[in-house]
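A.B. asks: Here is my input; please provide its structure:
(one chain, ligands or ions: 2)
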Amino acid sequence: MTPTSSDSTSTPVALEARGLGHSYGPREVLGRIDFAVRRGEFVCIVGPSGVGKTTLLRCLAGLQRSTKGELLVLGERVTAPQPGVAVVFQDYSRSLMPWSSVLHNVTLPLRANGVSRSEADRRAREALTQVGLAAAVVHQYPWQLSGGMQQRVAIARALAYNPTVLLMDEPFASVDAQTRADLEDLVLRLQHSLHLTVLLVTHDIDEAVYLSDRVVALSGSPATVADIVDVPLGAERDQIETKGTHEFAAIRAEVHGLVRHAATSGSGSGSGAEA
Ligand SMILES: Nc1ncnc2c1ncn2[C@@H]1O[C@H](COP(=O)(O)OP(=O)(O)O)[C@@H](O)[C@H]1O
Ligand SMILES: [Mg+2]
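C.D. replies: Ligands and ions are numbered 1, 2, ... in the order given. The predicted model follows:
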């Protein structure tokens, strides 16, 4: 598929990387990265371990200054974290504070941003309900919960910001297969009900195809966009039915081909692509 293909060109762009590059000292990790995510889209970034996915996500979140190019959020050029953009990190066990209750974990960042105690409490409880956690859990500590429940807390913490854009870095990498499937479906439901724009990083190609409207494949060193693959599987996804279709298998094979090529070609295979 062509990298420029996209569904509705009239939908505003939520997030855009223009010639984004990043180097750690002399080592160039990201080359020239170009892509855009439209409002309400679900886009996954796939690529082999070490290609630079986390680096890219951190740059897009404004947590790390890119060393080249620019980042646009809702059409504005930005260099710092934006209020409409929330992040869920990979390692929930390190991103949650073990000495604070579930409720406090969700309210603390809001309080730090000047939200009143009662409003933070209300938003936190609402977000915890949205991720399917029972009211009884709010006064427990993260270490008393299963991995899947801890990741739900981390998602609730992001939702409590009322974000427009949700960025997620391998959010389901540390949970078992059934929990992972449940969390994937939870995020799909939340995306629809809250009209979120989601950009999710994963090395799991099945997960990327299952969740996405489009998949951005990174390749090379420094990494560039090898291709952007459309995933026209409809809005309703089902873990068994969707994954059993010929369309799913064909798209999965296409993305596998891109990533395998990335793994074997070593460097500079991508030429950058616009969306
Ligand atoms: N803070 C850092 N300082 C120096 N090198 C780093 C840093 N963070 C990541 N890297 C290197 O950049 C490359 C890309 O890392 P990362 O973005 O974490 O890749 P991925 O998330 O795709 O596994 C890796 O080779 C990694 O070792
Ligand atoms: Mg990573």
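A.B. asks: Using the three-state scheme, assign the closest residue to ligand 1 within the stretch 101-250 of the chain.
C.D. replies: Closest contact between the stretch 101-250 of the chain and ligand 1, by Cβ to the nearest ligand atom, is at V201 (6.9 Å). Every residue, glycine included, has its C-beta placed from N, CA and C. Following DSSP: H, G, I helix; E, B strand; the rest coil, V201 is assigned to strand.
A.B. asks: Now do it against R117, distance only.
C.D. replies: Counting by Cβ to Cβ, to the nearest Å, the gap from V201 to R117 is 34 Å.
A.B. asks: And for S146?
C.D. replies: Per Cβ to Cβ, S146 is found 29 Å from R117.
A.B. asks: so the residue of the stretch 101-250 of the chain closest to ligand 1 makes contact with K53?
C.D. replies: Yes: here V201 lies in contact with K53, judged by Cβ atoms under 8 Å, at a distance of 4.5 Å.
A.B. asks: shared neighbours of those two, anything?
C.D. replies: Residues touching both V201 and K53 comprise I45, V46, D169, E170, with contact defined as Cβ atoms under 8 Å, 6 or more residues apart in numbering.
A.B. asks: and the residues you listed as JSON lines, adding neighbour count and pLDDT?
C.D. replies: Compiled in JSON lines, those are given as follows (neighbours: other Cβ atoms under 10 Å; pLDDT from 0 to 100):
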{"residue": "I45", "neighbour count": "28", "pLDDT": "97"}
{"residue": "V46", "neighbour count": "28", "pLDDT": "96"}
{"residue": "D169", "neighbour count": "21", "pLDDT": "96"}
{"residue": "E170", "neighbour count": "20", "pLDDT": "95"}
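A.B. asks: Dump these to JSON lines, plus distance to T224 and secondary structure.
C.D. replies: As requested, these are arranged in JSON lines below (distance: Cβ to Cβ, whole Å; DSSP: H, G, I helix; E, B strand; the rest coil):
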{"residue": "I45", "distance to T224": "12", "secondary structure": "strand"}
{"residue": "V46", "distance to T224": "14", "secondary structure": "strand"}
{"residue": "D169", "distance to T224": "20", "secondary structure": "strand"}
{"residue": "E170", "distance to T224": "21", "secondary structure": "coil"}
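A.B. asks: D204: how many residues sit nearby?
C.D. replies: Other residues lying near D204 total 16 when counted by other Cβ atoms under 10 Å.
A.B. asks: any idea how far it lies from V46?
C.D. replies: As for D204, its distance to V46 is 8 Å (criterion: Cβ to Cβ).
A.B. asks: ditto for Q140
C.D. replies: From Q140 across to V46, the span is 35 Å (Cβ to Cβ).
A.B. asks: Dump the lowest-mean-pLDDT helix or strand in the chain to CSV, restricted to CA.
C.D. replies: Every helix and strand of the chain was ranked by mean pLDDT, DSSP states H and E. The lowest is helix 92-95, at a mean of 78. The C-alpha coordinates for helix 92-95 follow below in CSV (Å, rounded to 0.1, in the frame of the first residue of the first chain):
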residue,chain,number,x,y,z
TYR,A,92,3.5,-0.2,34.9
SER,A,93,5.3,-1.7,38.0
ARG,A,94,7.8,1.2,37.8
SER,A,95,5.3,3.9,36.6
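A.B. asks: List the buried residues in it.
C.D. replies: By 16 or more other Cβ atoms under 10 Å, the buried positions in helix 92-95 come out as Y92, S95.
A.B. asks: Nice, that's everything, thank you.
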